[in-house]
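Enquirer: Okay, structure incoming, though there's no sequence with it:
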C-alpha cells in the first residue's frame, strides 16, 4: 500500500503540474554544481558523521526510541520505501506512463530506473570491497573494516547503505530534470521525495543494520547517480538507452 501510494503521488498529478520550461528554452548558461563538487560535499559529510557513529547507534537503539510506536512505524515505512519501494515506484512510473503514452513521465521513470541501476552497482561493489561490519555484527567497533570481506558475507556489507542509496537515487533522478526544466512540481515533489529518502536512511540506523556514516555515504551515491544520469542524457540526446526505454 505504501509503495502504491508513493508511486501515485508522483504519477497522478495533471501533466501541466510537471511541465515547466523546456530543455531547449532553459538557460543553458545557468550554473550548476559539478558532480565532483557534490561528491566532495557528501564525502566530507560522511567523514564528519563517522565520529558520531557509535553515539548515534546508542541513541537510536536505546529503550526510548525503540519503544516509540511512531518511530517504529516510520522505520517500517522507510525500510519499505528504500527496498523494494523505490524500485517498484520507478518501474511502475515508467511502465504506466508508457501504457498511457505520457512521454514526460516515461522519461522520469526511465531516468529513475537508470539511476537505481547505476547507484546499486556502485554501492554493491563498495559493500563487497569495504567489508565493514554491520552494527549487529560488531556494535562496539564502527571502525571494523576488512578488504573484500563483504563479498560473500552480508554481515560485513554495512558501507554504504543500499536502502539510502536507492531512496536518494530515486529522488535525485526525478528532481534533477524537474529542476533543470524549472517545473512547478518542484515545490511538492522535492520535499516529498527527499523526506522519504531521509526516513529510509534513518530507518537503517534505527534498525541497527547501518552506521550513521553508511547512510550518508549511501545518500551521496544515490544523489550523484541521479544527477549523473540526467546530465549524461542532456549531453547525449537520442541515445541508445532512450531508444530502448523510451521507444525513440
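Expert: Sure thing, it's come through. Values in this document were obtained by computation on a predicted structure and should not be read as measured data. Numbers count the residues shown, from 1 in each chain.

Enquirer: Show me the shaky parts of this structure.
Expert: Counting by pLDDT under 70, the chain has low-confidence residues at 1-31, 248.

Enquirer: So which residue is smack in the middle of this structure?
Expert: Nearest residue to the geometric centre of the chain (CA atoms, centre = their mean): residue 168, 1.8 Å.

Enquirer: Centre of the chain to the helix or strand encompassing that residue, how far?
Expert: Using DSSP states H and E, the element containing residue 168 is helix 162-180. A distance of 5 Å separates the C-alpha centroid of helix 162-180 from that of its chain, computed with CA atoms, centre = their mean, to the nearest Å.

Enquirer: Same question for stretch 98-111.
Expert: How far stretch 98-111 lies from its chain's middle: 19 Å, per CA atoms, centre = their mean.

Enquirer: same deal with stretch 174-184?
Expert: Here the centre of mass of C-alpha atoms in stretch 174-184, compared against the chain's by CA atoms, centre = their mean, lies 16 Å away.

Enquirer: now stretch 174-190
Expert: Centroid displacement of stretch 174-190 relative to its chain, using CA atoms, centre = their mean, is 16 Å.

Enquirer: helices and strands around the helix holding residue 168, which ones?
Expert: helix 69-80, helix 86-99, helix 103-130, helix 186-206, helix 212-235 (3 or more CB pairs under 8 Å, 6 or more residues apart in numbering; DSSP states H and E). Quick note: C-beta positions are derived from backbone N, CA and C, even for glycine.

Enquirer: Next, the angle from that helix to helix 69-80.
Expert: Orientation note: helix 162-180 sits at an angle of 80 degrees relative to helix 69-80 (axes from the mean of the first three to the mean of the last three CA atoms, to 10 degrees).

Enquirer: how about TSV for the helices and strands packed on helix 162-180, with distance to residue 57 and mean neighbour count added?
Expert: Converted to TSV, the helices and strands packed on helix 162-180 look like this (distance: least, CB to CB, whole Å; neighbours: other CB atoms under 10 Å):
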stretch	distance to residue 57	mean neighbour count
helix 69-80	14	16
helix 86-99	25	20
helix 103-130	18	21
helix 186-206	7	20
helix 212-235	7	24
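
Enquirer: Residues contacting stretch 65-83, please?
Expert: The list of residues contacting stretch 65-83 from outside it, by CB atoms under 8 Å, 6 or more residues apart in numbering, reads 2-3, 6, 59-60, 161-164, 166-167, 196-197, 199-204, 206-207.

Enquirer: Find the helix or strand that residue 37 is a member of.
Expert: Under the criterion DSSP H and E, the helix or strand holding residue 37 is helix 35-49.

Enquirer: Give the next helix or strand downstream of that helix.
Expert: Per DSSP H and E, helix 35-49 leads on to helix 53-60 as the next helix or strand towards the C-terminus.

Enquirer: what separates that next one from the chain centre, distance-wise?
Expert: In terms of CA atoms, centre = their mean, the gap separating the centre of helix 53-60 from the centre of its chain is 23 Å.

Enquirer: From the contact counts, what lies against that helix?
Expert: Applying 3+ CB pairs under 8 Å, 6+ apart, one finds that helix 53-60 contacts helix 186-206, helix 212-235.

Enquirer: helices and strands around the longest one, which ones?
Expert: The reference is to helix 212-235. Contact partners of helix 212-235 among helices and strands, from 3+ CB pairs under 8 Å, 6+ apart: helix 35-49, helix 53-60, helix 103-130, helix 162-180, helix 186-206.

Enquirer: orientation of it relative to helix 162-180 in degrees?
Expert: With the same axes, to 10 degrees as the criterion, the two stretches helix 212-235 and helix 162-180 enclose an angle of 40 degrees.

Enquirer: and the angle from helix 212-235 to helix 103-130?
Expert: Using the same axes, to 10 degrees, the direction of helix 212-235 lies 140 degrees away from that of helix 103-130.
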